[in-house]
Every structure is written in structure tokens, then in C-alpha cells.
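**Q** I need the structure of the sequence given here:
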Amino acid sequence: MSSELSGQAQPGSAPPIRRRRQLRACNTCHRRKVRCDAIGRQACSNCKAIGAACRFDIVEALSRRGRVSQKQVLETELTGNPEVTEHNSRPHAPESPASRRYASTSDRLSEVAVNQQLVDNVLVDFFQHGIGSQYWSRFDKLAEARICYVGTSLSNLAFLVSQEGCGDNNNLHYPNPQVHRIVPWKPDPMSYALQMRQNLESELSSFPAKDVRDALVEAFFNEIHPGFPVVDESDFRASYADPENPPPLLLFQTILLAGAHVCTHPKVAESRSLVRTALFQRAKTLWDLRFENDRVTLVQAALIFSWHIENADTVSANSYYWISVACGIAYGLGMHRNLAGSSSSLLPQCSKNLFRRIWWTLFQAAVASSLDQGRPLLARCDDSDQPPLTEDDLIEVGGSPNKNIRLQYCVQNSTLCEIVADILALFSPGSLRKSAGLVDTSIVDARLAAWLMGLPPGDDYYSSTLRLHYNTALLHLHRTVIQLGESNVSTNSQKLCSSAAESIVSTLSGMIANKTISRCYFTSLTAIMASAVHFVREMRLAIGQNSTLLALQSQAQLESCSPILRELTLYWPTASSVEKLCQHLLDRMKSMMIAQQTTGAAGEMPLNFPDLNIIPEDWDYILSTLHAAGPEPDWSNAQSGLGF
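**A** Predicted coordinates for the structure are as follows:
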């Protein structure tokens with residue numbers, strides 16, 4: 001046998017040259033499904049060719065899926081420290097339910113880790129390499145390139161991209177990094193999704209231990225539902241307490257999911273992201289199976305889904321997507337039509353009341369989501385004739401009003417959202433085309449002023465939330481006015497934007513101090529990102545005007561956003577991506593200030609920003625705050641069924 005085949009050198013011959021086998025691929029090669037030739041810490045040739053950072057964080061997260069022992073998965077309590085042992089696989093042994101659960105938990109573990117890393121890095125990757133790229137295939141092959149639509153000029157992303165492009169508002173689409181794991185053409189039989197479907201009955205009818213699920217239900221109705229009244233609370237609680245008449249399974253699972261967002265139970269608080277992921281997967285599987293036939297329940301569930309961030313995809317997942325689903329079903333049920341007063345509908349009064357509460361909650365969520373994403377409004381005022389909510393609309397199935405619902409908050413926020421809806425219409429592409437870019441904001445300014453003067457005083461959570469939403473609307477409105485460049489209006493708009501941004505930071509800081517930040521909807525992330533974007537603009541302008549003191553003031557304001565974003569990351573994972581983007585932009589502005597100072601008396605430094613693609617990458621910092629994932633705790637599957 002030759003030495004090449006036997007692997008042994010013949011006497012007198014040179015030892016065979018063994019090529020080192022590359023056992024893992026970097027992120028870029030993994031996404032493109034091409035061979036990676038990286039060795040040690042040296043970048044691979046593919047990354048060098050396109051000037052990308054050669055990182056292995058996605059593949060390393062995937063490789064951790066088998067490192068948790070079966071004993072640890074099955075016996076871990078969140079309050080204890082499990083003993084880690086080796087897991088000896090036996091490929092020929094019959095698969096037990098325990099081993100199936102271990103595989104599912106490992107898959108869920110790796111999925112959470114990879115999704116979190118993609119969420120953390122997507123904005124920085126986009127701003128470093130996507131905006132300034134001359135090639136559509138910047139991140140992936142041309143056929144697999146992902147599209148990023150930045151939205152109308154009102155959105156945070158569009159405004160920030162415009163500032164990076166020195167006011168260029170013509171480009172609406174950019175190449176975007178991958179926000180999903182690369183999947184094979186056919187599903188992997190060992191994937192979590194398919195493993196779950198092999199044991200659907202036990203998985204979907206499993207719930208957390210009773211003390212935990214009771215805490216989740218209470219958290220939802222005490223912390224979320226008073227300002228988000230989409231469920232008949234008395235009816236649900238009666239069903240929850242009745243073994244013979246349990247609540248709809250889909251609605252119950254989504255309420256547990258939303259409750260996990262705010263629940264302070266120690267077992268939930270210590271593993272919040274994994275708990276929410278497990279509960280979302282169960283509820284989402286029920287949705288995908290079309291298990292629920294009650295269309296009202298479907299609207300309720302879709303709205304409650306908007307309290308969860310599944311991944312970094314804002315197009316086919318997360319709030320705007322689920323709110324659009326809820327809108328479609330609600331329109332089909334006629335929830336947008338007036339069923340009060342003179343209506344001759346035979347619908348029971350308690351159902352009419354529920355319809356109205358759901359509709360106005362849906363309207364508020366739709367406006368907030370459209371403002372956040374810069375996309376068309378899903379629930380337009382012109383399509384509805386529902387009058388504002390009244391005390392009578394709080395009456396539930398039992399005939400008594402639900403005194404836990406914050407009626408004044410719902411009414412005031414709905415009124416504000418009607419104004420914001422008109423702002424969205426004012427700056428919609430069609431309106432701007434018809435008006436040739438000339439926008440008169442005097443009417444909406446007057447309405448915002450009247451709304452603010454009619455706002456009752458108070459420092460409680462709901463009063464703070466109303467002020468937060470007001471300042472968010474004001475900031476989005478007048479920074480867009482600034483972009484239009486009318487000098488006499490822009491001066492006032494600049495003052496209004498600065499005041500609104502500072503008020504947002506102050507309000508959210510107060511919520512952190514009062515420990516109510518967990519109750520905030522995704523609008524809190526919209527608000528703090530809008531403030532950060534404004535501070536970045538202020539810092540950039542100050543540097544361009546060679547005003548170091550003003551630049552340092554804006555720097556301090558931008559830095560004040562970081563503690564808020566870190567706190568929001570506990571409840572809204574995408575906040576980590578915004579924080580890293582802010583830090584990236586802050587570091588770049590600091591470098592520009594230092595460069596400006598070194599020029600000394602050479603004169604004013606022109607406002608000429610460097611190419612985004614040649615900014616040094618501090619990936620050690622960017623990856624330093626990734627959240628470590630752990631196995632799904634036992635108590636989340638403690639009981640099959642509710643004990644009915």
C-alpha cells in the first residue's frame with residue numbers, strides 16, 4: 001500500500017504533508033456557504049477580499065449546543081447551581097422522552113444565543129458596511145442579499161441614515177446583514193422546531209409550575225392590561241379558576257408570554273430571555289397549527305405577540321408584523337365600526353365593549369409601530385367611526401366595570417395617536433409628492449399644544465408614559481421639519497427637538513429609578529433611539545462648527561442614553577443593538593474631535609465625514625456584552641396541563 005493511502009512514510013522518503021483541516025467557518029463564509037481558509041487569528045481570504053471582519057461568534061454559539069449535560073437540563077433549578085457532568089451519547093439506544101427534551105433544549109439554547117448575537121451586531125454592521133457600500137452583495141451573494149428599507153423620513157433609521165449620507169434622502173434601500181440563522185434546504189430532523197412537533201401534545205399542553213404561572217397571570221393583568229385592555233379580565237379569571245372550563249389555550253399561552261416580560265418572580269427574572277423564548281415557541285406553534293378558531297382570540301393573541309421580540313427581523317416578525325395581522329382580522333370582524341349608541345347590532349353589549357377596547361388598543365399600537373418603522377399606518381382614522389372610550393365600555397361579562405383599566409390613559413393616548421396619525425399622513429410619500437415638499441405643521445403643532453395643556457398633572461407610570469409618547473411625537477415631527485431646511489421654522493424646531501430629547505431621557509431615567517421601566521411597551525425603545533439620534537446630530541453639527549464645548553455637551557447627553565438602553569435590553573433585546581450603534585457613533589465623533597484639536601490654529605475643520613468602510617472596528621468591545629444563554633429551567637415544564 002502506498003504511503004499516501006496508509007498514512008505512513010516509507011523509509012528514506014519525506015514525511016507526507018498533512019493539510020490542516022478547517023473545522024469551522026467564519027460568519028461571512030458560514031452565511032455564504034463557501035469554504036473558509038482562516039487559520040488561527042488570521043482573517044480568511046474571503047473576508048480580506050471584501051474588507052469584512054473575520055469573526056466566528058455565530059459558529060461558536062452553534063458549537064455549544066451539545067455541551068450541556070442531560071442531568072443539568074433535566075435537574076437544573078434557577079435558584080441553584082447545577083453540577084456539570086459529561087453527557088455520553090448512545091446512538092443505538094432508543095430515544096427516550098428525556099433525551100428528546102434534552103435535544104430540544106439544546107437547540108433552543110443555541111437558537112437563543114445565535115439570535116441574540118445577530119440582534120446585537122446587525123445595526124453596527126449595517127452602519128459600518130451597508131450604508132457606504134457600492135455593492136449590493138456586500139454581506140451575501142447577490143441572490144441571497146437582504147434588503148433594508150429605511151422607511152419614510154419620520155423613522156429613526158431613515159433620519160440617521162440621511163445624516164450619515166450628508167442629507168441624501170433619495171436612497172431607500174440598502175444591503176443588510178443577515179438577521180436569521182442560515183438553514184439548509186430541507187429542515188434538520190434534529191432541529192428544535194421538528195423535535196417539538198414530534199411531541200406536540202405534551203409540549204403545547206405543558207405550563208410552568210403553578211406558583212410561576214400564577215405570578216405570570218398576575219403580572220400581565222396588574223402591569224400590562226390596565227393600559228392594554230384587550231382581554232375580558234373577569235371572564236379570563238373565571239375560566240382560569242374553573243377546571244371544567246379553562247381559557248383558550250392560545251390566549252393563555254400568550255398571556256403567560258406577556259406576563260414573563262414584567263414578572264418579578266425570581267425564577268422568571270433570573271432567566272427571562274429563555275422563559276420568554278420557550279413560551280413564545282409554544283404560543284407561536286399553536287398559531288401556526290391554526291389551533292384556534294375564535295377570531296377575537298386571534299386578534300388578542302396577535303396584539304399580545306407585539307410584546308415580544310423574536311429576532312432582529314422587523315419585516316416578517318415582531319411588532320409591525322403582528323399588529324398588521326391583528327388589523328387584518330379586526331377589520332374582517334368589523335371592530336373598527338361604531339357599535340355603540342344608535343347601533344342596532346344584535347351583538348351582546350359586553351362583546352361590543354370588548355370590541356371597542358380591542359380596537360382602540362390596536363389603533364394605538366398601529367400608530368406607534370408605524371412611527372417607529374416609518375411605514376404606512378395600518379389602522380387609519382378615516383376607516384373607522386368608533387367614538388372614544390367611555391366608562392360604559394369598561395363593563396365586562398359579569399356586568400361590572402373593570403376598575404383596573406386606566407380609562408383616562410387609554411383616552412388621552414388614543415387622542416395623541418390620532419394627532420400622530422395625521423403627522424404620518426402629512427409626511428407620507430404621496431402627501432409630499434402632492435405638496436412638492438412644502439409642509440405646513442402649524443395645525444398639528446396647535447393640536448399637540450392643546451393636548452399637552454389638557455394633560456392632567458401626575459408623576460405616576462401612566463402620566464410619565466403619556467409625556468414620553470408626546471415628546472417622541474414632537475421630536476419625530478420637528479426633526480423632519482429641520483430636514484426640509486426652512487430657516488425660520490428650523491430654529492424653533494431645533495429648540496423643540498432638544499427639549500423633547502432631554503425630556504425623554506429624564507422620563508425614562510425616572511422610570512428606572514421607580515422600577516417601572518419593565519412595563520414600557522416598545523415605544524420606550526423608539527423614544528430613546530430618537531433621543532440618541534438627535535444627540536448624534538447635535539454632536540456632529542458642533543464638530544462641524546468647530547465648537548468643542550457644544551460637542552462635549554452633546555457627548556454627555558448621548559452617553560446618558562447608554563444606562564437606559566442597558567436597562568431596556570433586559571426587556572427588549574434589540575436595545576443592545578442600539579446601544580452598540582450609539583457607542584460606535586460616539587467613538588467616531590470622539591476621534592473627529594481629537595483630530596480637530598490636533599489641527600490647532602489651522603482653521604475650521606470642514607464637515608467632511610470619513611468613509612464608513614475604513615473606520616477601525618473595535619469588535620472586542622462590540623462582542624463583550626453578549627448575553628450568555630442557559631438551559632431552559634425545569635419549572636417551565638413542571639406540569640402537563642393546568643391541574644384541572
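
**Q** ok, the residue nearest to Met511 when sequence neighbours are not counted - contacts?
**A** Using CB to CB, 6 or more residues apart in numbering and skipping residues adjacent in sequence, the residue nearest Met511 is Ile517, 4.5 Å away. From N, CA and C alone the C-beta is placed, and that goes for glycine too. By CB atoms under 8 Å, 6 or more residues apart in numbering, the contact set of Ile517 is 508, 511, 524, 567-568, 571.

**Q** Redo those residues as JSON lines? Include pLDDT and secondary structure.
**A** JSON lines is the format used below for the contacts of Ile517 (pLDDT from 0 to 100; DSSP: H, G, I helix; E, B strand; the rest coil):
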{"residue": "Leu508", "pLDDT": "98", "secondary structure": "helix"}
{"residue": "Met511", "pLDDT": "97", "secondary structure": "helix"}
{"residue": "Ser524", "pLDDT": "97", "secondary structure": "helix"}
{"residue": "Glu567", "pLDDT": "96", "secondary structure": "helix"}
{"residue": "Leu568", "pLDDT": "96", "secondary structure": "helix"}
{"residue": "Tyr571", "pLDDT": "94", "secondary structure": "coil"}
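
**Q** residue contacts, the nearest residue to Val367 once chain neighbours are set aside?
**A** Distance criterion CB to CB, 6+ apart; nearest residue to Val367, sequence neighbours excluded, is Cys417 at 4.1 Å. Contact analysis of Cys417 by CB under 8 Å, 6+ apart lists 363-364, 367-368.

**Q** ok so, going back, tell me which of the contacts of Ile517 is nearest to Gln597?
**A** Of all those, Leu508 has the smallest distance to Gln597: 32.5 Å, by CB to CB.

**Q** residues near Gln555, how many?
**A** Counted by other CB atoms under 10 Å, the residues lying close to Gln555 total 21.

**Q** And for Leu541?
**A** Leu541, neighbours per other CB under 10 Å, totals 16.

**Q** so where do the strands sit in the protein?
**A** Ranges of strands in the chain, per DSSP state E, are 146-149, 173-176, 206-207, 639-640.

**Q** Pipe the contacts of Cys417 into a markdown table and attach distance to Glu218 and neighbour count per row.
**A** As requested, the contacts of Cys417 are exported to a markdown table (distance: CB to CB, whole Å; neighbours: other CB atoms under 10 Å):
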| residue | distance to Glu218 | neighbour count |
| --- | --- | --- |
| Phe363 | 27 | 27 |
| Gln364 | 24 | 23 |
| Val367 | 29 | 29 |
| Ala368 | 26 | 24 |
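
**Q** hang on, isn't Ser273 packed against Pro573?
**A** Yes: using CB atoms under 8 Å, Ser273 makes contact with Pro573 at a distance of 6.9 Å.

**Q** Look at these two and report which has more neighbours.
**A** A side-by-side neighbour count of Ser273 and Pro573, using other CB under 10 Å, places Pro573 first with 23 against 20.

**Q** mind checking pLDDT for the more buried one?
**A** For Pro573, the model assigns a pLDDT of 89.

**Q** could you measure it against Ala530, distance?
**A** Plainly put, Pro573 is 19 Å away from Ala530 if you go by CB to CB, to the nearest Å.

**Q** Check Ile517 too.
**A** In terms of CB to CB, Ile517 sits 17 Å off from Ala530.

**Q** Please apply the same query to Tyr462.
**A** 21 Å.

**Q** now swap in Arg519 and tell me
**A** Using CB to CB, we find Arg519 at a distance of 20 Å from Ala530.

**Q** who has more neighbours, these two?
**A** Ala530 (27 against 21).

**Q** Tell me which residues touch the residue nearest to the more buried one when sequence neighbours are not counted, please.
**A** Residue nearest to Ala530 in three dimensions, not counting chain neighbours: Leu475, with 5.0 Å by CB to CB, 6+ apart. Shown in contact with Leu475 (CB under 8 Å, 6+ apart): 496-497, 500-501, 504, 530-531, 534.

**Q** let's see 10 Å
**A** Residues near Leu475 by CB atoms under 10 Å, 6 or more residues apart in numbering: 156, 159, 493, 496-501, 503-504, 526-527, 530-531, 533-534.

**Q** residues touching Gly458, list them.
**A** With CB under 10 Å, 6+ apart, Gly458 has these contacts: 408, 464, 466-467.

**Q** Now list the buried members of those residues.
**A** The neighbour-count test (16 or more other CB atoms under 10 Å) applied to these identifies 464, 466-467 as buried.

**Q** any idea how far Leu394 is from Leu552?
**A** 51 Å.

**Q** just Pro388 next, same as before
**A** With CB to CB as the criterion, Pro388 and Leu394 are 13 Å apart.

**Q** Overlap in contacts, those two.
**A** Common contact partners of Pro388 and Leu394 (CB under 10 Å, 6+ apart): 407, 410.

**Q** Mind checking which of those two has more residues around it?
**A** For Pro388 versus Leu394, neighbours defined as other CB under 10 Å are more numerous around Leu394 (18 against 14).

**Q** Report pLDDT for that one.
**A** 96.

**Q** The one 10 residues further on too?
**A** In this model, Asn404 is scored at 96, pLDDT.

**Q** go on, the one 5 residues further on?
**A** You'll see Tyr409 listed with a pLDDT of 98.

**Q** which residues does it contact?
**A** 226-227, 460-463, 465-466.

**Q** List only buried entries from the residues you listed.
**A** Buried among those (16+ other CB under 10 Å): 226-227, 461-463, 465-466.

**Q** Tabulate these (TSV), appending distance to Thr599 and pLDDT.
**A** TSV is the format used below for these (distance: CB to CB, whole Å; pLDDT from 0 to 100):
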residue	distance to Thr599	pLDDT
Pro226	57	98
Gly227	52	98
Tyr461	49	97
Tyr462	51	98
Ser463	49	97
Thr465	46	98
Leu466	47	98
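
**Q** any idea which of these is the one closest to Asp188?
**A** Nearest member of the buried ones among the contacts of Tyr409 to Asp188, counting by CB to CB, is Gly227, at 41.6 Å.

**Q** For the closest one, give me its contacts.
**A** By CB under 10 Å, 6+ apart, the contact list for Gly227 reads 361, 364, 405-406, 409-410, 413, 461-462, 465, 519, 521.

**Q** Try it again at 8 Å.
**A** By CB under 8 Å, 6+ apart, the residues touching Gly227 are 406, 409-410, 413, 462, 465.

**Q** Could you point out which of the residues you listed is nearest to Val268?
**A** The closest of the contacts of Gly227, once distances to Val268 are taken by CB to CB, is Thr465, at 22.9 Å.

**Q** re the thing from before, just the buried residues from the contacts of Leu475, in ChimeraX please.
**A** Only the buried members of these enter the following ChimeraX selection, criterion being 16+ other CB under 10 Å:
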select :156,159,493,496,497,498,500,501,503,504,526,527,530,531,533,534
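
**Q** Just the ones in helices from the contacts of Leu475, please.
**A** 156, 159, 493, 496-501, 503-504, 526-527, 530-531, 533-534 (DSSP state H).
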